[in-house]
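Asker: From the sequence below, what's the structure:
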Amino acid sequence: MYGKITFGIHNIFSFASRERCMTKLKKISFSKQNPKLEATAAVLVPLCRVEGVPSLLYTVRSSTLRTNSGQVSFPGGKTDKNETAIETAIRETREEIGLSPQKIEVWGEGSPVPGRNFKIMITPVVASIQELKPQDLKVNTNEVSEVFTVPIETLCDSKNQYYTQFKNGYILPVFVAEEYKIWGVTAYITHLFLSGILSKDVYKNEWIKKKIVIDNL
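Answerer: Model (predicted):
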């Protein structure tokens with residue numbers, strides 16, 4: 001008799017976890033569409049090991065950028081003409097943090113999710129980096145002021161989960177890891193990833209219980 005497959009942090013890099021995650025991310029759809037869509041973009045959702053600990057990698061956008069300056073984000077950016085979402089995510093990751101494409105194992109792309117006001121649609125590209133070391137990165141300080149990683153266990157801990165409400169009424173999760181606040185579309189993609197790859201007894205979705213105020217809103 002075969003035992004039931006569990007989806008936890010201990011086997012988060014397994015093929016079964018990968019298949020579960022991408023299947024769920026591809027099923028997401030949004031009924032609301034903006035006929036005035038201005039751009040498409042892609043971000044890399046980098047699952048990595050940091051000293052053996054499964055983690056997600058994030059960046060802090062440079063304070064000199066015109067949009068979303070100083071905010072936490074995944075590596076990524078707008079899609080160039082005739083470029084796929086995967087190509088965009090890998091290119092932007094190399095430009096922003098110097099990570100070689102050879103270090104990136106792409107799992108696939110999820111369904112696009114809307115940015116603020118539905119003016120941009122953002123495709124999450126999930127990838128594993130395995131063991132991430134400081135020498136793997138060369139940060140472009142014109143675009144990124146900082147790179148940091150957060151253990152999956154920290155993101156799943158309910159004491160680090162909150163929600164915030166935007167002026168348009170939308171409620172989205174917020175993850176707090178030490179001095180970092182992960183919010184907006186980055187937090188939403190983080191939530192979708194965790195929901196897709198982990199079972200409900202591991203990622204319990206408790207962010208809806210506590211509200212937090214984000215100064216930027």
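
Asker: what about the strands in the chain?
Answerer: 39-50, 53-61, 72-73, 76-78, 105-109, 113-114, 120-131, 144-151, 161-165, 171-177, 180-182 (DSSP state E).

Asker: what's the closest of the ones you listed to residue 12?
Answerer: When the strands of the chain are compared by C-beta to C-beta, strand 53-61 sits nearest residue 12, at 5.0 Å. The C-beta positions use only the backbone N, C-alpha and C, and glycine is treated the same way.

Asker: which other residues reach the closest one?
Answerer: 9, 12-13, 45-49, 68-75, 96-97, 129, 132, 143-153, 155, 180, 182, 186, 190, 193 (C-beta atoms under 8 Å, 6 or more residues apart in numbering).

Asker: same check, this time on stretch 75-84
Answerer: Counting by C-beta under 8 Å, 6+ apart, residues outside stretch 75-84 touching it are 39-44, 46, 57, 59, 85, 88-89, 91-93, 95-97, 99, 120, 122, 125.

Asker: avg pLDDT for that stretch?
Answerer: The pLDDT scores in stretch 75-84 average 93.

Asker: Ok, stretch 64-71 next?
Answerer: On average, stretch 64-71 scores 70.

Asker: what helices or strands is the helix or strand of the chain with the lowest mean pLDDT leaning on?
Answerer: Sorted by mean pLDDT, DSSP states H and E, the helices and strands of the chain end with strand 161-165, the least confident at a mean of 89. With contacts defined as 3 or more C-beta pairs under 8 Å, 6 or more residues apart in numbering; DSSP states H and E, strand 161-165 has these neighbours: strand 171-177.
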